[in-house]
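# coordinates only, sequence not included:
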DNA sequence: TCTCCAAACAATAATGATTCCTGTTATTAT
DNA sequence: ATAATAACAGGAATCATTATTGTTTGGAGA
């Protein structure tokens, strides 16, 4: 399937995704566009994100905490996912081993995702992590 | 949280997961155990899988087609996910770059997942893929 | 520019995996 | 054996995502 017609909303959704490196959820895109496009519906956001993904214009990094995270950067790159704040961060200077795909004995690989999990620097710097590790509640 | 008491069902769930390398879903474990344990409920399967995961006894490879895939093999290893049949296959002879974790500038990484996506050999061998590519239906 | 039709849309219902809740049962320490 | 408490079944609830339906809009051709 291919993108066939243009629409303000479709382009707004794509440029919204392209305006950030935060690998947002569908809901994030919706919330961000809703003020300037009051009659926008979630269905439209989901439909267009799925369409862009099928067309290879965007990619879906993975599912974090039950929510799909999208990325306008389709260049293969490594990600870091924070287990505390669910941030998805681009990892610079590390290569995704796509060149090994052809060496696989499992099948014919078309792409590869390399994701690190851990606590991001922002969470480490805040006291939140320490309190959480002690079993306390952070308000 | 830790596993505190023993129960037949809890152990059945763990050994069921350990009996396969297919990286099953919660529902698969349930369906497999239900005949021998008729009064088993999905809640128990989900609760115990979550508990084992928190305890580090098992791992969750990722979400494939909206369903979590579990793995009793907690040794870091590479996976291949088939985009046609959703099979999750262990990739032998390829190392997960966990040793690079400390080099990250994003935060403190605790683990890493390396997943290839493509069409598995079984799907390539069957005619299903070709028919699908032609837009036909396979019965 | 006007017309027409397929695509895009809003609104909302439906789906389905997962989680939560309540009363009951099973396990372990004493 | 008994008490304390974790584990459980059954079912309701949640919530991200998808499907449906009727309406609107974009754009190719007249």
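Received, thanks. Please read all numbers here as calculations on a predicted model, not as lab measurements. Numbering: from 1, shown residues only, chains lettered A, B, ... in the order given.
# the longest helix anywhere in chain A close to DNA strand D?
Of all segments of type helix in chain A, defined using DSSP state H, the longest is helix A:42-54. Yes. On the criterion Cβ under 7 Å from any atom of the strand, helix A:42-54 is in touch with DNA strand D at A:42-43, A:46, A:50. From N, CA and C alone the C-beta is placed, and that goes for glycine too.
# and residue A:113, its phi and psi?
phi -120, psi 130 (degrees, to the nearest 10).
# for the closest residue in space to it that isn't next to it in sequence, pull up the helix or strand it's in.
Closest residue to residue A:113 apart from its sequence neighbours, by Cβ to Cβ, 6 or more residues apart in numbering or on different chains: residue B:115 at 5.1 Å. For residue B:115, the host element (DSSP states H and E) is strand B:107-120.
# what residues of the next helix or strand after that strand count as buried?
Remark: after strand B:107-120, the chain's next helix or strand is helix B:121-125, criterion DSSP H and E. Buried residues in helix B:121-125, counted by 16 or more other Cβ atoms under 10 Å in any protein chain shown: B:121-123.
# for residue A:96, give me its contacts.
Shown in contact with residue A:96 (Cβ atoms under 8 Å, 6 or more residues apart in numbering or on different chains): A:76-78, A:112-114.
# the nearest residue to it once chain neighbours are set aside sits in which helix or strand?
In space, and not counting its chain neighbours, residue A:96 is closest to residue A:76: 4.2 Å by Cβ to Cβ, 6+ apart. Residue A:76 is located outside every helix and strand, with elements delineated by DSSP H and E.
# residue A:76 contacts residue A:112, correct?
Yes. With contact defined as Cβ atoms under 8 Å, residue A:76 reaches residue A:112; the gap is 7.0 Å.
# what is in contact with those two at once?
With Cβ under 8 Å, 6+ apart, residue A:76 and residue A:112 have common neighbours A:96, A:98.
# these two: who's more crowded?
residue A:112 (20 against 14; other Cβ atoms under 10 Å in any protein chain shown).
# ok, that one - contacts?
Counted by Cβ under 8 Å, 6+ apart, residue A:112 has contacts A:76, A:96-98, A:100-101, B:114-117.
# change it to 10 Å
Taking Cβ atoms under 10 Å, 6 or more residues apart in numbering or on different chains as the contact definition, residue A:112 lies against A:76, A:96-101, A:104, B:78, B:80, B:114-118.
# beta partners for it?
residue B:116 (DSSP bridges).
# the residues of helix A:42-54 next to DNA strand D also near DNA strand C: which ones?
Okay, of the residues of helix A:42-54 next to DNA strand D touching DNA strand C (Cβ under 7 Å from any atom of the strand), that's A:42-43.
# drop anything exposed from the residues of helix A:42-54 next to DNA strand D.
By 16+ other Cβ under 10 Å, the residues of helix A:42-54 next to DNA strand D give A:46, A:50 as buried.
# which one of the residues of helix A:42-54 next to DNA strand D is nearest to residue A:67?
Using Cβ to Cβ, residue A:46 comes nearest to residue A:67 of those, at 11.8 Å.
# my guess is the closest one contacts residue A:60. True?
No. Residue A:46 lies out of contact with residue A:60 (Cβ atoms under 10 Å); the separation is 11.9 Å.
# overlap of the contact sets of those two?
residue A:68.
# re earlier: now the residues of helix A:42-54 next to DNA strand D as JSON lines including pLDDT and distance to chain B?
As requested, those are exported to JSON lines (pLDDT from 0 to 100; distance: Cβ to the nearest Cβ, whole Å):
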{"residue": "A:42", "pLDDT": "98", "distance to chain B": "17"}
{"residue": "A:43", "pLDDT": "98", "distance to chain B": "18"}
{"residue": "A:46", "pLDDT": "98", "distance to chain B": "13"}
{"residue": "A:50", "pLDDT": "97", "distance to chain B": "13"}
